[in-house]
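Asker: sequence first, then the predicted structure, then my questions.
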Amino acid sequence: MDKSAVHRPQLPLKTRISLFFLSAVTDATMRPDGTVNRRLFSTLTYILKVPPSSSKPRHGVATSDVPVDPSRGLWFRLFVPRDSDIQKLPVLVFFHGGGFVYLSPDFKAYDDVCRRFARAIPAVVVSVNYRLAPEHPYPAQYDDGYDVLRFLEAEGSRILPEKADLSRCFVAGDSAGGNLAHHVALRVAQHAEPPGELRVLGVIAIQPFFGGEQVRKSEIELEGVDVIVNPARTQFMWKAFMPRADRDHEVINVCGPNAVDISNISFPATMVVVAGFDSLKDWQMSYYNWLIESGKEAYLVDYPNMFHAFYIFPELPESTLLVSELKSFIHKQSKV
C-alpha cells in the first residue's frame, strides 16, 4: 500500500508539540550501544516530574509515594479520591508505558492519568515504579509487578485506605504497561490466586506493547505515520528488554508459536484498547482474538482516528471516552 495514501490523525497544536518533544527526547537519549543516556533524559524531562500531593490534594485526589523494596528502587504512587462517598472502592494497579525503558509514575502525564482514574471510576490507584531496561532486563519488570501485588496482600491493611477493596483488584497499563498487566495477571492465575483477600477481577491492556519476528501489515503501512512507534525505537526497546531472545519469545509474541496455553487457566476478563494509527494494532488485535479463541472473556475498544498513547492527552475527546469505558468495565466486573 502507498504510505502517502494513509491520512494522518488531525491533532490539536498542543498535542503535536508534546508528541514532537517526546519523540525527540527519546531519540536523543538512545545510544548506539543499546544503553540510555539517563542523565540527559533526566535533564530534559526534569520539569515534567511532579511530587506527591498528600498534604494538599489536587482535583480531589491525594497522592503519596509508598516504598516496597528500596534496595531495588521499587515503589508506587498511591492515589486516593477524597470526595467519594462510596464505602468500598476497587483497587487499580497501574503499569506505565515507555517500552520498558523510559518514564515513571511521577511523570506529569501519568500522574494526571492516574488522578483522573481515581476520581472518575472512582478507585484507589496504585501506580508502580518498576525497574527499567537495559539496566534491568527481563524478568525484573514482571517480578516487580507481581511483588507489588504480594506487598498489597501482606501490607494492604496498613498502607491502603480503609475503603480500598482488594477483593476487587484490577491490573492495567498502557504500551509496555499493557504487556506487564497481562503477564502479571497470568502469573497470579498460574499461582491459582493468593490465599488472602486480593483477587484480580480484570485486565485493562491499553494498546499493549507486543511484537514478533514477522512484520505485520500495520507496521508497514503506518511506518512514518505513527507518531510514537517506529521500527528503530521498537527494535531498541525489545533488545534492551530481552537482549538474547528473539521476538517470538512468549512474553513478546504473547499469542505466537511459543505462547502459553491459557485455555485451562482462570484468566480474568480483559479489556483491549486499540487505535487506528497505532502501528502495533495488528499485534493487539491478535491478542484480543487469541483471548477469545482461548475461551476467555475479552472486550475490544477501538479508536480508529487515534494514535499510540493518545489517552494521556486530556485535550483529546477520545481520552475522556476511554476513561468512561474503563469505568464501565471495572463496574461490570466488580458486580460479577
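Answerer: Done, it's in.

Asker: helices of the stretch 101-250 of the chain, start to end?
Answerer: Secondary structure of the stretch 101-250 of the chain (DSSP state H, counting those that start in this stretch): helices located at 108-120, 140-159, 176-190, 217-221, 231-241.

Asker: among those helices, which is nearest residue 91?
Answerer: helix 140-159 (7.2 Å; Cβ to Cβ). (C-beta placed from N, C-alpha, C; glycine too.)

Asker: report the angle between the axes of that closest one and helix 231-241?
Answerer: 70 degrees (axes from the mean of the first three to the mean of the last three Cα atoms, to 10 degrees).

Asker: mind giving me the packing neighbours of helix 140-159?
Answerer: strand 61-69, strand 74-81, strand 89-95, strand 124-129, strand 164-174, helix 176-190 (3 or more Cβ pairs under 8 Å, 6 or more residues apart in numbering; DSSP states H and E).

Asker: tabulate the ones you listed (a markdown table), appending distance to residue 115 and mean neighbour count.
Answerer: Conversion of the helices and strands packed on helix 140-159 to a markdown table gives the following (distance: least, Cβ to Cβ, whole Å; neighbours: other Cβ atoms under 10 Å):
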| stretch | distance to residue 115 | mean neighbour count |
| --- | --- | --- |
| strand 61-69 | 5 | 17 |
| strand 74-81 | 6 | 24 |
| strand 89-95 | 11 | 26 |
| strand 124-129 | 8 | 27 |
| strand 164-174 | 14 | 24 |
| helix 176-190 | 16 | 24 |
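
Asker: rebuild these as a markdown table, extending it with distance to residue 280.
Answerer: Output for the helices and strands packed on helix 140-159, formatted as a markdown table (distance: least, Cβ to Cβ, whole Å):
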| stretch | distance to residue 280 |
| --- | --- |
| strand 61-69 | 30 |
| strand 74-81 | 26 |
| strand 89-95 | 16 |
| strand 124-129 | 22 |
| strand 164-174 | 11 |
| helix 176-190 | 10 |
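
Asker: can you put those in JSON lines and add mean pLDDT and distance to residue 53?
Answerer: Shown next, in JSON lines, are the helices and strands packed on helix 140-159 (pLDDT from 0 to 100; distance: least, Cβ to Cβ, whole Å):
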{"stretch": "strand 61-69", "mean pLDDT": "97", "distance to residue 53": "5"}
{"stretch": "strand 74-81", "mean pLDDT": "97", "distance to residue 53": "10"}
{"stretch": "strand 89-95", "mean pLDDT": "98", "distance to residue 53": "17"}
{"stretch": "strand 124-129", "mean pLDDT": "98", "distance to residue 53": "13"}
{"stretch": "strand 164-174", "mean pLDDT": "97", "distance to residue 53": "18"}
{"stretch": "helix 176-190", "mean pLDDT": "97", "distance to residue 53": "22"}
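
Asker: out of the ones you listed, nearest to residue 199?
Answerer: strand 164-174 (4.9 Å).

Asker: in its sheet, what does the closest one sit against?
Answerer: Note on strand 164-174: by DSSP bridges, its sheet partners are strand 89-95 (parallel), strand 200-206 (parallel).

Asker: pLDDT on the last one, on average?
Answerer: Per-residue pLDDT values across strand 200-206 average out to 98.
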